[in-house]
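Student: No sequence on hand, only this structure:
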C-alpha cells in the first residue's frame, strides 16, 4: 500500500472509532432524558453502559492522540511523545536492530547460505549481460578519462617516474643484466656469431688482405713471397675464427667470458661507472624532458583506450568478452574456484557486518533523529494508526462493560 491508501484507511478507522463514541454519547443523552420521564430499570443499565463507554473512548482517544500530537492542540505535559522523544526513540530503535538482528548468531545462518559464484557465472554466461557489463565499464572509464585533466595526470606520472628513478642505479642494473646473460651462457651465441662473421669477412675479402700485405712489404721482397705471406695470414685468421666458432670450449671463449665477468663486476662496484650512468640518467630524465615524456605517454594511452572503448568491435572489447566467457565457464564448472569465491564473500561480508554494526545503529538513530518531529509522527501513525484505532474501539466497549458491571453491583449489593 502506498501512503495515500494508508491515509485513506486511517481516516476510515478513525471515523469508525469516533462514530462509536458519538453513538455512545447520543445513547447517553437519550437515556438521561428518558429517565426523567420514565422509571424503567433497563434505562439505568443502558445509561451506565453508554456513560462508561464514553469515558473509556475519551481516555483511549487521549492516550492514542498523545503519542502523535498534543490533544486538541493543548501543550499538556507528557503528550506529543514521539516528536518530543524522537532522538531517544531513534537510539533505542538502532540499538534494538543491532542487538536483535545483527548479532553474530543471527546473521551467521544467512551468511552461510550465500552462494554468489554460481549466480554470477550464470549471469555472465549470457551474451546480453556481457554486452551490458562491457558497455557500463566502457562508459565509466570514458567518463573518467574525459574528466581527468591531462596536465595534472602528466605531472603526476612525471613526478612518480622521477621518484621511482631517483634511487635507481643504472650501473647496477646493467651490470646485473650482463651477469645474468653470462650465467645463462647466452653470450656464447654472440661469440659464435661474431666469429662466423669475422671468418666470412676474411674469406670474402682475401684480395684486400693480400693488397695490404704487398703495400706494407719492402720493395726488395719478391712478390711471390708477399703472396705467400698474405695467403698464410688470410687462411690462418680464417682457421682461427673457425675454431672459435666450432669449439664451445675454446680458450678464447673462456678468456672473453672472464673479461666480461670482470667488466660486469666493475660496472656494479666502480664509483666511476655509477657517476657515469648517473650523468646519463640525469641528462635523459631532466624535468622538462620527463614532463614531455609523461605527457606523450599519457596522451597516447588516453587516445588508444578511448578509441578502443568507443568502437563496437574493438580488440579491447573482444579481449574483455573472451575473458568474461572464460571466467563465467570457470565459475560454473570449477567447484574449487566457486568455493574460494563464495567463502571469501561470506567471510568478508560477515566481518564487514560485524565490524560495522554500530554504524547501522548510528544510521537508524541519526535518520530518525534528523526527521522533523511532525514528519516522524505522521510516518508512524500511517503504519500503526489503524491498529491504534481499535484500541479506541476496544476502550469504548470495555469501558461500557466495566461501567455496566459496576452499576449492576452497586444496584443489587450496595
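Tutor: Thanks, I have the structure now. What you see is a predicted model, and the numbers here were worked out from it, not measured in a lab.
Student: show me where the stretch 201-350 of the chain has strands.
Tutor: Along the stretch 201-350 of the chain, counting by DSSP state E, counting those that start in this stretch, no stretch forms strands.
Student: what ranges of the stretch 251-400 of the chain fall below the confidence cut-off?
Tutor: 280-287, 368-377, 379-380, 383 (pLDDT under 70).
Student: again, only using 80
Tutor: 273-291, 350, 352-387 (pLDDT under 80).
Student: Helix, strand, or coil at residue 79?
Tutor: Under the three-state scheme (DSSP: H, G, I helix; E, B strand; the rest coil), residue 79 adopts coil.
Student: Let me see the confidence value for it.
Tutor: Among the per-residue scores, residue 79 shows a pLDDT of 71.
Student: now residue 55
Tutor: 91.
Student: ok, residue 243 - contacts?
Tutor: Neighbouring residues of residue 243 by C-beta atoms under 8 Å, 6 or more residues apart in numbering: residue 250. All C-beta atoms are positioned from the backbone trio N, CA, C, and that covers glycine.
Student: do the same with residue 347
Tutor: So residue 347 contacts nothing (C-beta under 8 Å, 6+ apart).
Student: Could you measure from it over to residue 392?
Tutor: 52 Å (C-beta to C-beta, to the nearest Å).
Student: do the same with residue 303
Tutor: 73 Å.
Student: With residue 135 instead?
Tutor: From residue 135 to residue 392 the distance is 57 Å (C-beta to C-beta).
Student: repeat for residue 288
Tutor: 84 Å.
Student: Same check on residue 257?
Tutor: For residue 257, the distance to residue 392 - C-beta to C-beta - is 104 Å.
Student: now residue 198
Tutor: Applying C-beta to C-beta to residue 198 and residue 392 gives a distance of 113 Å.
Student: who has more neighbours, those two?
Tutor: A count of neighbours by other C-beta atoms under 10 Å puts residue 392 above the other of residue 198 and residue 392, at 26 against 17.
Student: so that one is in which element?
Tutor: helix 373-413 (DSSP states H and E).
Student: likewise residue 27?
Tutor: Going by DSSP H and E, residue 27 is part of helix 3-37.
Student: Now that helix: buried residues?
Tutor: For helix 3-37, the neighbour count (16 or more other C-beta atoms under 10 Å) marks 6, 10, 13-14, 17, 20-21, 24-25, 27-28, 31 as buried.
Student: which one among these gets closest to residue 43?
Tutor: Nearest to residue 43 among the buried residues of helix 3-37 is residue 31, at 5.1 Å by C-beta to C-beta.
Student: so the spatially closest residue to that closest one that is not a sequence neighbour is in which element?
Tutor: Leaving aside its chain neighbours, residue 31 sits nearest to residue 47 (3.9 Å; criterion: C-beta to C-beta, 6 or more residues apart in numbering). Using DSSP H and E, residue 47 maps to helix 41-68.
Student: Could you tell me the angle between that helix and helix 373-413?
Tutor: 160 degrees (axes from the mean of the first three to the mean of the last three C-alpha atoms, to 10 degrees).
Student: Helix 41-68: which residues count as buried?
Tutor: Of the residues in helix 41-68, 43-58, 60-61, 64-68 count as buried by neighbour count, 16+ other C-beta under 10 Å.
Student: same question, stretch 382-399
Tutor: Across stretch 382-399, burial judged by 16+ other C-beta under 10 Å covers 382, 385-386, 388-389, 392-393, 395-397, 399.
Student: residues making contact with it?
Tutor: Residues from elsewhere that reach stretch 382-399, judged by C-beta under 8 Å, 6+ apart: 3, 6-7, 9-10, 13-14, 16-17, 20-21, 24, 52-57, 59-61, 63-64, 67-68, 381.
Student: what helices or strands is the helix holding residue 47 leaning on?
Tutor: For helix 41-68, the elements it packs on are helix 3-37, helix 81-84, helix 373-413, judged by 3 or more C-beta pairs under 8 Å, 6 or more residues apart in numbering; DSSP states H and E.
Student: Now do it against helix 3-37: the angle between them, please.
Tutor: Using the same axes, to 10 degrees: helix 41-68 against helix 3-37 is 150 degrees.
Student: quick one: helix 41-68 to chain centroid distance?
Tutor: Between the centre of helix 41-68 and the centre of its host chain there is 61 Å, according to C-alpha atoms, centre = their mean, to the nearest Å.
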